[in-house]
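**Q** okay, predicted coordinates and the sequence, questions at the end:
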Amino acid sequence: MTDRINIELATWSEDHFDLLRGLNAPEMTEHLGGPETDAQVAERHERYLRIAGIGTGRMFAVVLLPGRELVGSVGYWDRTWHGEPVYEMGWGILPAYQGRGLATAAVSRAVAHARTEGARRAIHAYPGADNPASNAVCRKLGFTPTGEIEFEYPPGNMMRCNDWRLEI
Ligand SMILES: CC(C)(COP(=O)(O)OP(=O)(O)OC[C@H]1O[C@@H](n2cnc3c(N)ncnc32)[C@H](O)[C@@H]1OP(=O)(O)O)[C@@H](O)C(=O)NCCC(=O)NCCS
């Protein structure tokens, strides 16, 4: 199904700062502790720009074709989970573009990219337990639910999350 959706993943670049600001809207961050400050968004943008060069993961803008609208972000980065080096994955699609399979397609592409690295055995994702759309993305792409966990994110805010794992 996701193969019919026409998107491209573009390596994060200076052109994507406004996209990141759009992804920081209140309705986008309600499962992630609320919007970040302008300074935090600027720092996040710098991290996204650097990550491929450092070699600790990849961040992409999701580009909708044929119009090349910037509609979201997806990426993966190193994490040690229960002593094992894995990738953590995260994603977001702007509200105007939600509900048409774009997150599923984008995460599927990012998984394929992570696989080509040959560096990790598994990807984990930790959507909030109260985030049905994001949990649905994991389920649809064949991630296995391994249980519920509590995360402190952002600092000071305890979140209940589902731990999903995909062997790559
Ligand atoms: C989560 C998010 C990326 C989903 O984006 P999207 O492009 O709308 O997702 P898709 O269209 O690929 O839909 C994925 C599945 O979720 C399901 N879904 C969407 N909203 C749902 C809801 N409220 N309850 C149950 N399932 C829901 C869809 O039905 C779809 O499954 P289907 O194809 O079997 O019908 C988007 O809502 C978002 O950016 N949210 C804010 C940021 C965020 O929470 N990021 C995740 C952090 S881990």
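**A** Great, that's in hand. Numbering: from 1, shown residues only.

**Q** list the buried residues in the longest strand along the chain.
**A** Longest strand in the chain by number of residues (criterion: DSSP state E): strand 69-81. By 16 or more other C-beta atoms under 10 Å, the buried positions in strand 69-81 come out as 70, 71, 72, 73, 74, 75, 76, 77, 79. Every residue, glycine included, has its C-beta placed from N, CA and C.

**Q** and that strand, what does it pack against?
**A** For strand 69-81, the packing partners by 3 or more C-beta pairs under 8 Å, 6 or more residues apart in numbering; DSSP states H and E come out as helix 17-23, helix 38-54, strand 57-64, strand 84-93, helix 102-117, strand 122-125.

**Q** of all these, which one is nearest residue 132?
**A** helix 102-117 (12.2 Å; C-beta to C-beta).

**Q** ok, residues contacting the closest one?
**A** Helix 102-117 is contacted by residues 1-2, 5, 7, 9, 58, 60, 62, 64, 71-72, 74-76, 87, 89, 91-93, 120, 123, 133-134, 137, 140-141, 166, 168 when judged by C-beta atoms under 8 Å, 6 or more residues apart in numbering.

**Q** please redo it, this time with the cut-off set to 6 Å
**A** By C-beta atoms under 6 Å, 6 or more residues apart in numbering, the surrounding residues in contact with helix 102-117 are 2, 5, 7, 9, 62, 71, 74, 76, 87, 91, 93, 123, 137, 140-141, 168.

**Q** of all the residues in the protein, which ones are close to the ligand?
**A** Within the chain, the positions adjacent to the ligand are 28, 31, 90-93, 98-104, 125, 127, 131-134, 136-137, 140 by C-beta under 6 Å from any ligand atom.

**Q** just the buried residues from these, in PyMOL please.
**A** Buried residues within the residues of the chain next to the ligand, by 16+ other C-beta under 10 Å, are selected in PyMOL with:
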select buried, resi 28+31+90+91+92+93+98+101+102+103+104+125+127+131+134+137
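
**Q** that older thread, pairing partners for the longest strand of the chain, with directions?
**A** The strands that strand 69-81 pairs with in its sheet are strand 57-64 (antiparallel), strand 84-93 (antiparallel) (by DSSP bridges).
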